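Enquirer: Got a predicted structure plus its sequence, pasted below:
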Amino acid sequence: MCNPSLTNYFARPEDITRVPSRPTTATSGCCTYTYRRAGTFRSTGKIRQLRADGVTPNGQNDIPWTGTVVINSDCDKGTVTVSHNIKAVNKTADTTSYPDTVAVSDADLTAMLEKVPPAIERAWNSRRYKLKITDNRCGERLFDVIFVVRMSDSSPHYAINFVNVPGMGTSNDVAGITSGRSYILPPDRGKFNLGDSRSATDDGDECLEPHEFGHMIGLKDEYLDIPHDRGGVKYEFPDKTTETVAVNGELMGSMSNKKAEPIRYCVTIAYAAIALLEANGHAVTDCVIL
Ligand SMILES: [Zn+2]
C-alpha cells in the first residue's frame, strides 16, 4: 500500500546542485509511494536567459510557478503528474484597463475556454516526457510525465485575465499592459488574449496557450526580444550538462512549433520531482529527461 504524503517542502537550489555527487546504495526493486506538493515552486537558477546578443546572461532566471506535482511509484513503474487549475477572469469589457478589448459574455467566454485545456494537454502530452530517476532508496525507475489542465475556480493555481483585443491591438505597448499581448505574471497570475490569431479559443491556430503554459511551469522565452534585451536561454540539467538555445522555431521560441518537443522544456518538472523526492527522504543521484 502506498502511503500518501502531503508534506509541504522547499528544496534550495544548492540542495539540487548536490544531486550528481551522491553515491547510489540501493538496488532496484519494488518501491511504492505517492508524494504530493501543491503550491509555488521557486526559481532553481538553472535556467538563465540571455541578452539579445544570444550569448551574455541578462540576469533573469527561471520564474517561480504555481501548480500541483504528484510523484507516484507503483512498484517499478512511476508517474509524475503536473496539474493546473486555471481560473478565468472576464476582462473583455474592461476598456479602462484594456482600451481595445471587445466584450464577450460570461457564457460565451466559458464556451470558448473549453478549448484551452485540451490544447495545452495536446501540446504537452503528445511527446510523453519521461524522467529516469535514480535514488538511494528505490534505485533507477522510469516516470511518465503527465500534464493535466482544467478551467476551474476551485483551488486555482493561476488566475488569468481574459481580454479580447483583435490582433495585438492599436496600443501595442512594450510591457503589453494595454495591448493584445498575452503573458504570465509569476507566480500565479496572467493575461490571455482571445483575439490573438494563435489562440486555441477560435478554432484556429493553437500555440498561444501552450506557449503561455510553458511560463506556467517556470520556463523563459527563447525568442529575440530587443526591447527586453532577451535572446535565448541557457539550461543546466540535473546531471550538470548544459544546453544553450538562442532564437529558434520551438514552442518557447517563435511559437511556430505547436508542441513541446525539446528535452529542455521538462527541466523545471525534473527539478520539482527531485525536490519532492528529497523532501521525503530520498537522496536522488541521477535524473535524466527522456
Ligand atoms: Zn512567452
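Expert: Sure thing, it's come through.
Enquirer: helix/strand/coil for the residue lying closest to Lys87 once chain neighbours are set aside?
Expert: Spatially, and ignoring its direct neighbours in sequence, Lys87 is nearest to Pro156 (3.6 Å; C-beta to C-beta, 6 or more residues apart in numbering). C-betas here are computed from N, CA, C, even on glycine. The three-state label given to Pro156 by DSSP: H, G, I helix; E, B strand; the rest coil is coil.
Enquirer: measure Pro156 to Thr110 for me?
Expert: According to C-beta to C-beta, to the nearest Å, Pro156 stands 15 Å off from Thr110.
Enquirer: Quick check on the two: which one has the bigger neighbour count.
Expert: Pro156 (18 against 13; other C-beta atoms under 10 Å).
Enquirer: Any stretches of the stretch 1-150 of the chain with poor pLDDT?
Expert: 1-29 (pLDDT under 70).
Enquirer: hey, where'd the strands end up in it?
Expert: 33-41, 47-50, 57-61, 65-74, 77-90, 130-135, 139-151 (DSSP state E, counting those that start in this stretch).
Enquirer: what's next to the lengthiest helix in the chain, contact-wise?
Expert: Ranked by residue count and defined by DSSP state H, the top helix of the chain is helix 267-279. Identification of contacts with helix 267-279 by C-beta atoms under 8 Å, 6 or more residues apart in numbering yields 7, 9-11, 15-16, 19, 35-37, 41, 44, 46-47, 62, 65, 69, 71, 80, 82, 129, 131, 133, 135, 143, 145, 217-219, 235, 237-238, 284, 287, 289.
Enquirer: next structured bit after it?
Expert: Using DSSP states H and E, the helix or strand that follows helix 267-279 towards the C-terminus is strand 284-289.
Enquirer: I'd like to know the average pLDDT value across that following strand.
Expert: The average pLDDT for strand 284-289 rounds to 97.
Enquirer: so what does it touch, helix or strand wise?
Expert: strand 130-135, helix 267-279 (3 or more C-beta pairs under 8 Å, 6 or more residues apart in numbering; DSSP states H and E).
Enquirer: Return the list of strands paired to it, each annotated with direction.
Expert: The strands beside strand 284-289 in its sheet (DSSP bridges) come out as strand 130-135 (antiparallel).
Enquirer: Tell me how far the partner strand lies from the chain's centre.
Expert: Strand 130-135 sits 19 Å away from the centroid of its parent chain (C-alpha atoms, centre = their mean, to the nearest Å).
Enquirer: Check stretch 230-246 too.
Expert: Offset of stretch 230-246 from its chain centre (C-alpha atoms, centre = their mean): 16 Å.
Enquirer: now what about the host helix or strand of Glu209, what contacts it?
Expert: If you go by DSSP H and E, Glu209 is part of helix 208-216. Outside helix 208-216, the residues that touch it by C-beta under 8 Å, 6+ apart are 63, 65-67, 84, 116, 119-120, 122-124, 147, 149, 157-158, 182-184, 186, 190, 192-193, 196, 198-200, 221, 251-252, 255, 258-260, 265.
Enquirer: Tell me the confidence at the most centrally placed residue in the chain?
Expert: Central residue of the chain (C-alpha atoms, centre = their mean): Ile217, 1.9 Å from the mean position. Listed pLDDT for Ile217 reads 98.
Enquirer: so it touches Val82, yeah?
Expert: Yes: with contact defined as C-beta atoms under 8 Å, Ile217 reaches Val82; the gap is 6.8 Å.
Enquirer: so what's in contact with the two at the same time?
Expert: Joint contacts of Ile217 and Val82 (C-beta under 8 Å, 6+ apart) are 67, 269.
Enquirer: All set, thanks.
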